[in-house]
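no sequence on this one, just coordinates:
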């Protein structure tokens, strides 16, 4: 932390800052400049509120953080990439993992048949929403536990691990009973009670970036989960809110290499929510592969024009298969090949 | 809802759209143009997912909503302004209500002495945080129920009703036992389970605008609460996220007259969170009064340079008093005078 | 400028940075921390490119500027407010100046009759566009020099000084022949050749904030004008681009007190472009007055539903008069009263 | 254009709108709904100001455009992709063209040696700035005509066509004398006088997206150039301004497939300005290739830590060569191979 003094700050003001630092168990080092004094603060743990407090002191112009605000999520804490293994699939080991399925689970048949189709096309993980965050209270909000059961059935039939969203701290236990990966949606990225709760669950968590979250805020949200003991966190870039209206959001692909530099956690891309239009899913999936994403989250629906949610951005089964063929072809060239599918172990 | 067909869409495609509308119990009216056909859809209730579905049909260029997506919160549903009465204070009746107090409740003495001071300066409602949403897991997260008790003590001593934040659906009952108004923070504006829960509580709810929520999304979040039966919703503009870094957020004062045109709900302004700097609080509070806000949310701390949260944007007791004197003076001129304080009824 | 070294940067890397600073005539001061070394650079003039260059050196984590990038526009250069006098009107002396008139000048009669009406309502300065920047090449782009002549006629008839936009470096001389204040529009805020040119003109310049300009970039654009010798610069906040679509832009009123803290230049507000809707002009004008703006830019048209540009956000003559009555009443209370009108001197 | 009437609009108000449409030579078609009347307007040419005017009429709730605002740039005007040939290089024919060179031209030797190096690595076009738009008036603003001469020398020595920026309408003729492609920078995207001027030049124009331009505004800026007769327009996505501060801008790669759907013009990507960090250039260049960009604009400098501009985001010669080897390898797989280099024709 650096405290930049105002031009012409008095010696007394400088002494005040040094005393305040001492009070917080920090040591202040003066770095006198021609125009103004800068004080460097050195110490073990820096309380995030100290910065705001110091900014209120007499003679202080600005307070600048120079350490990253997170620890467990950072490369400085762990240099090697985190690899998460779930149901025979590895996430973060240099292969691209495709999580595919319907936005909402509509009924058992719909879930199982979609699951079989995406498996046939090469997906490694199944997705499907049972609890759906919807902007309007009048929209379809999901089947709840019944949906989770259909998801479990689809897992049984295909052997693919499943991921599904949990929206409420009270439901973490229930969802964790069915799901292999717990998904935290974009609107809940800073639902800190929910983060605490999944931090105590024994399942990997996929944390979507908030609609207008900075990368630092996103990594701090991951830090909440890790600080509770759960080290298996996957990040998911899903588009940020910008002024552009041609797309629903702006998929920030540069976030992927930025996160990879700052953090050891795996990061995947969600091109459908990131753009809002089905025709952009394949090109942005290819770009995600080329930029080095560890995986993709793709919405697939047999009849998008009857989908109970997000019909506008879902791929048909045919679109999905064609996209997978294209990804398969380019994966080797870009150095990010599709991951192998898990084997379906059948009892006999 | 209007369905705009592509240039050169075939008759068959147009018939397909009409048939799909019929399936959804909507009637389609053709409005033939020179360049392209537009189909107007008329019917009782329009499922929000229909738009996405229709956008996937062959020959469809675009689908445009023409009705507002909310009902209970809209002026078309209720023309007269909603006035909420809480502890002898009216919100939304043409006076400006000031909610003041510390960001976080730090201890009983701190809460009570701050409460007395803000009352002496003219505040009508006390604020104080017991559950604090913090970006970093390592920051002070509030005293929890102990804080609520201090808040209740401060109410007893001053006679002012109290507002405090609830962050988790499991805590609604607890917080409602102590608070007169339940606050939903910006990060929880789309925590739909929590909205459902406060919609069933018997206390007024103040709903802060999400950091990057559109006005429509904000009113739909209010709709969640109202749809569960709670009609006492207060909106709070608290700054939106923009590219500008000179302020923490950009306080969108134009949202106040926009919301007043669309909705009957009262709306207040939070100039401290909206800007992030204490020196901007007074000018933006004055501007909020001039633009017609129904109230203000103000953070006050006796020693901001030791505040456990948001020290950088809190007013000192002296700043607050001076701001209130200034508001008092201009309230009549701008037609938005400060509301009277509630009377402290002492048992005898 | 502070150079933050990476954790574990070698002594050699530190020496490299110190040597590079010396090459640029800067002196480096080491501030050793527990985690990482920080080097403060001290010296007379800091080339803005040095930061980018230093960021590329081995062992460097980050380079942080601690001085403001502008000089002439800053309070550190000139403490007292700049007051600009034009045609008997003072801008920046604690009164609010209203610049009013049509968006585009449509013909002489239209300009003169609107001018007389806004004068009768209390405006101090006339506005009217002869060169119009339009998003579409197929929209009305203004009357050019003919429009300037109508503006001059309106000035003669009313005695009010006039402001009009100049869009091209080749037109500065022409426009300066007619106008009392040269306006640089939002799209040209970083048209640096045009800034150079008006910096050499002998007329005050009103510089609108760019659609997505930070306050620092805006002050640097003003610095371009001042660096060429023209000290009479007025800033104009006119709304920034955000994700919100209920308004055309988001009028950033907090920019006004922020700029007043950083700079001595007068700053006015343009609530019509800032919001895009006529019904928001009066409330946001009142808020601009309350926040301390030095003036207002208001579009007025006798028949907005036939206006050749910006009909949606123009006030009618009646709306304008009613707004002025309201501002007149509240000016004293908020400490920012309307400025007196200039006297029409008639030859006899 | 659709005019949506308010709920309960009177018959007289509806007749008023129909009459106003007639005045503008448009025919109105009523589409009566249960809740409100919608009027479709049909006619040949729609003046962009009509929408704003109609929005002011009594009884009107909203006015919605349903046609695209541009023509010449749109696919509806020309279905086949535009292919531009310059100095033996084709842009837009399904190959990716790399434009490389220094941000600023610093001296002849620097320009020529960089040119030879990028040619050796496979670039097809040379870039180099002689007129530099700089945020600060105190930064290096380029060598002007001398720089253009060095660029011409570099072209002679390598046989590669050259692109350079023109910033002022007065310089178009000068720059066109030296350059093969005229570049319009992001800050000048809506410098309409400059667009007119390059619209009359006989050289292809590369138009960068404005810092916060929507895709529609960008295509309308291209329309300005085309409307003056110049059909050879290349678009360049270079990052948009968002709230994220980890990158300088957010490179909007989804804009590339969106533009390709709406327009027949070629579109290239500028990953250095789009992100502001050299280490993001290669991954985002790969993603640009995968998403289908027609080309790349890359800044290369032999010594970025001494570059006179944009040192932080320039590739070294080694970085550039390594990036080109990687692109070469993946071009075929993603279906967007590098374009062949032009042949250097030597007189003998």
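It's in. Everything quoted here is computed from the prediction, not taken from an experiment. Numbering: from 1, shown residues only, chains lettered A, B, ... in the order given.

so where's the longest helix in chain A?
Using DSSP state H to define each element, chain A has its longest helix at helix A:317-334.

Packing partners of it?
Applying 3 or more Cβ pairs under 8 Å, 6 or more residues apart in numbering or on different chains; DSSP states H and E, one finds that helix A:317-334 contacts strand A:97-101, helix A:108-121, helix A:278-291, helix D:281-291, helix D:317-334. Placement of C-beta: from N, CA and C, glycine included.

do that again at 6 Å, thanks
Judged by 3 or more Cβ pairs under 6 Å, 6 or more residues apart in numbering or on different chains; DSSP states H and E, helix A:317-334 is in contact with helix A:108-121, helix A:278-291, helix D:317-334.

With respect to residue C:197, which of these lies nearest?
helix D:317-334 (37.4 Å; Cβ to Cβ).

burial of the residue nearest to residue A:122 when sequence neighbours are not counted, as a residue count?
Distances taken as Cβ to Cβ, 6 or more residues apart in numbering or on different chains place residue A:324 nearest to residue A:122, at 4.6 Å, with adjacent residues excluded. If you count neighbours by other Cβ atoms under 10 Å in any protein chain shown, residue A:324 ends up with 23.

Repeat that for residue A:293.
Using other Cβ under 10 Å, residue A:293 has 29 neighbouring residues.

when you scan stretch A:59-75, is anything in it near chain C?
Yes - judged by Cβ under 6 Å from any Cβ of the partner chain, stretch A:59-75 and chain C are in contact via A:64, A:66.

what does that stretch contact?
Here stretch A:59-75 makes contact (Cβ atoms under 6 Å, 6 or more residues apart in numbering or on different chains) with A:1-6, A:9, A:13, A:51, A:54-55, A:77, A:219-220, A:222-223, A:226, A:263-264, B:136, C:4, C:64.

Looking at those, which are in helices?
Using DSSP H, these in helices are A:13, A:51, A:54-55, A:219-220, A:222-223, A:226.

Include distance to chain D and neighbour count when you put the residues you listed into TSV, please.
What follows is the ones in helices among the contacts of stretch A:59-75, written out as TSV (distance: Cβ to the nearest Cβ, whole Å; neighbours: other Cβ atoms under 10 Å in any protein chain shown):
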residue	distance to chain D	neighbour count
A:13	29	17
A:51	16	19
A:54	21	23
A:55	18	20
A:219	10	25
A:220	13	26
A:222	15	28
A:223	16	24
A:226	20	23
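
Buried deepest among the helices and strands packed on helix A:317-334, which one?
Most buried of these, by mean neighbour count (mean count of other Cβ atoms under 10 Å in any protein chain shown): helix A:278-291, with a mean of 26.

dump the residue contacts of residue A:211.
Contacts here follow Cβ under 6 Å, 6+ apart; on that basis residue A:211 touches A:186, A:241, B:212.

change it to 10 Å
Contact analysis of residue A:211 by Cβ atoms under 10 Å, 6 or more residues apart in numbering or on different chains lists A:186-187, A:189, A:238-241, A:249, A:273, B:190, B:210-213, B:217, B:241, C:243.

Then residue A:41?
So residue A:41 contacts A:1-3, A:17-18, A:20-21, A:24, A:26-29, A:50-51, A:54, A:63, A:66, C:33 (Cβ under 10 Å, 6+ apart).

And chain B, is stretch A:298-307 touching that?
Yes - using Cβ under 10 Å from any Cβ of the partner chain, a contact is recorded between stretch A:298-307 and chain B, made by A:301, A:303-307.

what's the span of that stretch, first residue to last?
Taking Cα to Cα, to the nearest Å, the first and last residues of stretch A:298-307 lie 15 Å apart.

quick one: is that stretch near chain D?
No - contact between stretch A:298-307 and chain D is absent, the nearest approach being 15.5 Å (criterion: Cβ under 10 Å from any Cβ).

try stretch A:90-105
No - for stretch A:90-105, no contact with chain D is found by Cβ under 10 Å from any Cβ; the gap never falls below 12.5 Å.

Helix, strand or coil: sort out the residue in the stretch 51-200 of chain A that chain C sits nearest to for me.
Going by Cβ to the nearest Cβ, chain C is nearest to residue A:66 of the stretch 51-200 of chain A, at 5.1 Å. Classification of residue A:66 by DSSP: H, G, I helix; E, B strand; the rest coil places it in coil.

Can I have the buried ones of the contacts of residue A:211 as a ChimeraX selection?
Burial among those is assessed by 16 or more other Cβ atoms under 10 Å in any protein chain shown; the matching ChimeraX selection reads:
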select /A:186,187,189,238,239,240,241,249,273 /B:190,210,211,212,213,217,241 /C:243
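
Out of the contacts of residue A:211, list just those in strands.
Per DSSP state E, strands hold no members of these.

in the stretch 51-200 of chain A, which spans are helices?
Taking DSSP state H, counting those that start in this stretch as the criterion, the stretch 51-200 of chain A contains helices spanning A:108-121, A:145-158, A:172-178, A:192-199.

Need those in a markdown table (columns: distance to chain C and mean pLDDT).
Output for the helices of the stretch 51-200 of chain A, formatted as a markdown table (distance: least, Cβ to the nearest Cβ, whole Å; pLDDT from 0 to 100):
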| stretch | distance to chain C | mean pLDDT |
| --- | --- | --- |
| helix A:108-121 | 33 | 97 |
| helix A:145-158 | 32 | 97 |
| helix A:172-178 | 31 | 98 |
| helix A:192-199 | 24 | 97 |
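
Let me see the domain layout of chain A.
A:2-64, A:84-334 (automatic domain parsing).

Can you flag the weakest of those by average pLDDT?
Per-stretch mean pLDDT for these is lowest at domain A:2-64 (a mean of 82).

Any idea how far apart the tips of that domain sit?
End-to-end distance of domain A:2-64: 5 Å, with Cα to Cα as the criterion.

From what I see, residue A:231 and residue A:82 are in contact.
Yes - assessed by Cβ atoms under 10 Å, residue A:231 is found in contact with residue A:82 at 7.1 Å.

Which one's more surrounded, these two?
Between residue A:231 and residue A:82, counting by other Cβ under 10 Å, residue A:82 is the more crowded of the two (19 against 15).

any idea how far the more buried one lies from residue A:259?
12 Å (Cβ to Cβ, to the nearest Å).

ditto for residue A:156
34 Å.

Compare those two (neighbour count), which wins?
For residue A:156 versus residue A:259, the count of surrounding residues by other Cβ under 10 Å is larger for residue A:259: 23 against 12.

mind listing what that one touches?
A:73, A:209, A:215, A:218-219, A:222, A:235, A:237, A:265-267, A:293, D:246.

and if you look at residue A:11?
A:37, A:59 are the contacts of residue A:11 under Cβ under 10 Å, 6+ apart.

Same question for residue A:311.
Residues near residue A:311 by Cβ under 10 Å, 6+ apart: A:103, A:278, A:299, A:301, A:303-305, B:49-57.

Look at residue A:197 and say how many residues are nearby.
Residue A:197 is flanked by 23 other residues according to other Cβ under 10 Å.
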